[in-house]
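*Asks:* Structure, please.
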Amino acid sequence: MKNLFLFLMAVCISVAVQAQISKTITDLTPGELFTKMSTLELYTVTNLTLSGTIDARDFKTMRDNMLQLAVIDLTQVNIAEYTGGEGTHWNMTYPVNFIPERAFLSKISLTSVTLPNSITSIEKEALNGCSNLYSVNIPSSVTNIKAGAFFMCSLLTSIYIPASVIEIGSSAFSGCSANITVDSENSNYSNIEGVLFNKTQTALIQCPISKSGKYTIPSSVKIINEQAFSYCKNLTSVILPNSVTTIEISAFSDCYGLKSVSLPNSLTEIGVAAFQNCPGLTSVSIPNSISIIGNGAFAGCENLLSINIPASVLFLEDVVFQNCTKLASIYAYSTIPAVLPFSSTFSGVDKNTCALYVPAGSMDLYKAANVWKDFTKIEALITSTDKEIKTDLVTVWPNPAKDLLTINAEKGSVSIYNYNGKLEITQSLEYDKLVNIGSLTPGMYLVLVNGICYKIIKD
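*Replies:* Numbers count the residues shown, from 1 in each chain. Have a look, this model is predicted:
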């Protein structure tokens, strides 16, 4: 008899999966939903309409026990406070008129939700991971949309932010493809062509992942918020204005099609994982306004061939260039090697084939510095030709030279380095100054005249 019951239930469930099964429950009291459903209904109901009062326990029933639930209408519902361990997250207090934290987390069967007009907050990760959700309303009573509330909801067809909203948490709409529209009366937020900004448009909060091709960020923007462009896989180019100072955590992560991005000299901060997993990028020139590059900023940029690290960079954090497996050249312009406290800053980079170019006078420092010393091809940065060089202010000759080198230059200094970066000669300059190089062994040398580098041959 038991086997027959299980068989019949399986048949009913199979039929239900292929059909829309609706249920309406009225006059609910908090925590009562589970008891109002039969076992078969829990497995088969697809469309649910509720009225009365519910709490976090009832949201847990909808999320975890109603396996086929797709359409939910909560228009006539009030949400009561609940304290305890049977809600949607931890043993905690769930406030009145809040859509609870993780209310429908990863509910992939869900396609449409109508929320009650009495709610004031949509809590953290409330609809996070609802990858088949295409319709949801944000009532005009809502003041807060917390972090990750609609994260990976990629099928949403539209997002409307009412005038009442005063706070939108980080990554609230990350991974959403729908254009975002903000009520013109909202005092904290605005939108331009579907992209979400703060009211003054100094912070770019969220770009929908449907954006494609080239995108130019408005000249008013100073901050690119956390995950603002994450998963914008069809973007190929982003132009940042000179107003931008900060790129926050994962701002451009997983932009698989991104081929170029201009980093302005106004930029002072590149956040953790800012460009992680952007295999379209082939070269990066970091502006000389940057002093610290955050963890994993360019990790996984597997087609990155070349990077320029300006003298302003003092500190590289962990796994900054991890798994940049095609990196062939690094140009480090600081005379004092940037601090690399983690051995995995360049993990996955072939340090035997990737060439590291450094200031001529600093080669010994790089060869002794943590991580930098692991590169086997450390070479001097060259900024001149092998020939005699003449300008209006400087003449270095003859080239090749035997015992004396004539340097016709303004007053200043000259320093001569061998090709391993060792300082051999330094002295002050007068007009038409002769420098005795007779003691040097024959070979190639670098001559720095008032900060300008020339290459000479000693016979």
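*Asks:* for the stretch 351-459 of the chain, what spans make up the helices?
*Replies:* All helices of the stretch 351-459 of the chain, identified by DSSP state H, counting those that start in this stretch, fall at 363-368.
*Asks:* Contacts only, for residue 49.
*Replies:* With contacts defined as CB atoms under 8 Å, 6 or more residues apart in numbering, residue 49 is in contact with 22-25, 72-73. No exception for glycine: its C-beta is placed from N, CA and C like everyone else's.
*Asks:* Could you do residue 41 as well?
*Replies:* 21, 23.
*Asks:* ok but it is inside a strand, no?
*Replies:* No. Looking at residue 41 with DSSP: H, G, I helix; E, B strand; the rest coil, it is helix, so not inside a strand.
*Asks:* mind checking how far it is from residue 155?
*Replies:* 26 Å (CB to CB, to the nearest Å).
*Asks:* cool, and residue 37?
*Replies:* Separation of residue 37 from residue 155 (CB to CB): 27 Å.
*Asks:* neighbour-wise, which of these two wins?
*Replies:* Neighbour comparison, residue 37 and residue 155: the larger count goes to residue 37, with 19 against 15 (by other CB atoms under 10 Å).
*Asks:* burial of residue 292, as a residue count?
*Replies:* Burial of residue 292 is recorded as 17 neighbouring residues (other CB under 10 Å).
*Asks:* What residues are bridge-paired with it?
*Replies:* Counting by DSSP bridges, residue 292 forms beta bridges with residue 315.
*Asks:* give the contact list for it.
*Replies:* Residues in contact with residue 292 (CB under 8 Å, 6+ apart) are 269-270, 313-317.
*Asks:* with those residues in mind, which one is nearest to residue 212?
*Replies:* Closest approach between the contacts of residue 292 and residue 212, by CB to CB: residue 270, at 24.3 Å.
*Asks:* The residue nearest to residue 96 when sequence neighbours are not counted and residue 94: what is the separation?
*Replies:* With CB to CB, 6 or more residues apart in numbering as the criterion, residue 96 has its nearest non-adjacent residue at 4.4 Å, and that residue is residue 81. According to CB to CB, residue 81 stands 6 Å off from residue 94.
*Asks:* repeat for residue 284
*Replies:* From residue 284 to residue 94 the distance is 45 Å (CB to CB).
*Asks:* In the stretch 301-450 of the chain, where is pLDDT below threshold?
*Replies:* Scanning the stretch 301-450 of the chain with the threshold set as pLDDT under 70 gives 382-394, 410-411, 419-422, 430-432, 450.
*Asks:* Adding neighbour count, pLDDT and secondary structure, write the contacts of residue 49 out as CSV.
*Replies:* Converted to CSV, these look like this (neighbours: other CB atoms under 10 Å; pLDDT from 0 to 100; DSSP: H, G, I helix; E, B strand; the rest coil):
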residue, neighbour count, pLDDT, secondary structure
22, 11, 96, strand
23, 17, 96, strand
24, 11, 96, strand
25, 17, 96, strand
72, 23, 97, strand
73, 18, 97, strand
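*Asks:* quick check, nearest of those to residue 239?
*Replies:* residue 72 (41.8 Å).
*Asks:* who touches that closest one in this structure?
*Replies:* Residue 72 sits next to 48-50, 62, 110, 112-114 when contact means CB under 8 Å, 6+ apart.
*Asks:* Which single one of the contacts of residue 49 is nearest to residue 291?
*Replies:* Closest to residue 291, out of all of these and judged by CB to CB, is residue 72, at 49.8 Å.
*Asks:* is it true that residue 203 touches residue 197?
*Replies:* Yes. Residue 203 lies in contact with residue 197 (CB atoms under 8 Å); the separation is 6.4 Å.
*Asks:* what do these two both touch?
*Replies:* Common neighbours of residue 203 and residue 197 are listed as residue 221 (criterion: CB under 8 Å, 6+ apart).
*Asks:* higher neighbour count, the two?
*Replies:* Remark: of residue 203 and residue 197, residue 197 carries more neighbours, 24 against 19, as counted by other CB under 10 Å.
*Asks:* Residue 378 bridge partners, please.
*Replies:* Beta-bridge pairing for residue 378 (DSSP bridges): residue 356.
*Asks:* Helices of the stretch 51-200 of the chain, start to end?
*Replies:* Secondary structure of the stretch 51-200 of the chain by DSSP H, counting those that start in this stretch: the helices cover 56-60.
*Asks:* would you list the contacts of residue 49 in a markdown table and tack on distance to residue 131?
*Replies:* Below are the contacts of residue 49 laid out as a markdown table (distance: CB to CB, whole Å):
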| residue | distance to residue 131 |
| --- | --- |
| 22 | 23 |
| 23 | 24 |
| 24 | 27 |
| 25 | 27 |
| 72 | 16 |
| 73 | 21 |
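*Asks:* Residue 134: which of these is nearest?
*Replies:* Within the contacts of residue 49, the smallest distance to residue 134 is 13.1 Å, found for residue 72 (CB to CB).
*Asks:* unless I'm mixing things up, residue 123 is touching residue 105, no?
*Replies:* No. Residue 123 is beyond contact range of residue 105, at 10.7 Å (criterion: CB under 8 Å).
*Asks:* Those two - which one has more neighbours?
*Replies:* Neighbour count, other CB under 10 Å: between residue 123 and residue 105, residue 123 has more, with 24 against 21.
*Asks:* how about the more buried one, what does it touch?
*Replies:* Here residue 123 is in contact with 98-103, 146, 149 (CB under 8 Å, 6+ apart).
*Asks:* Check what pLDDT the closest residue to it other than its chain neighbours gets.
*Replies:* Nearest residue to residue 123 in three dimensions, chain neighbours excluded: residue 101, at 4.2 Å (CB to CB, 6+ apart). pLDDT, residue 101: 96.
*Asks:* before we move on, what about residue 194?
*Replies:* Predicted confidence (pLDDT) for residue 194: 96.
*Asks:* which residues pair with residue 112 across the strands?
*Replies:* residue 71, residue 135.
*Asks:* Do I have it right that it meets residue 133?
*Replies:* Yes. Applying CB under 8 Å as the test, residue 112 and residue 133 come out as touching, 7.3 Å apart.
*Asks:* between the two, which one's more packed in?
*Replies:* Comparing residue 112 with residue 133 by neighbour count (other CB under 10 Å), the higher total belongs to residue 133, at 25 against 15.
*Asks:* Against residue 77, how distant is the closest residue to residue 136 other than its chain neighbours?
*Replies:* For residue 136, ignoring the flanking residues on the chain, the nearest one in space by CB to CB, 6+ apart is residue 113 at 4.8 Å. Noted for residue 113: a distance of 11 Å to residue 77, by CB to CB.
*Asks:* and the residue nearest to residue 96, what is it in contact with?
*Replies:* Contact analysis of residue 81 by CB under 8 Å, 6+ apart lists 55, 93-96.
*Asks:* and if you look at residue 343?
*Replies:* Contacts of residue 343 (CB under 8 Å, 6+ apart): 370-371.
*Asks:* mind running it again at 10 Å?
*Replies:* Residue 343 sits next to 318, 370-371, 374 when contact means CB atoms under 10 Å, 6 or more residues apart in numbering.
*Asks:* what's the answer for residue 186, then?
*Replies:* Each residue near residue 186 by CB under 10 Å, 6+ apart is listed here: 161-166, 199.
*Asks:* How about residue 319?
*Replies:* Residue 319 sits in contact with 272-273, 276, 295-300, 342, 344-348, where contact means CB under 10 Å, 6+ apart.
*Asks:* Good, wrapping up.
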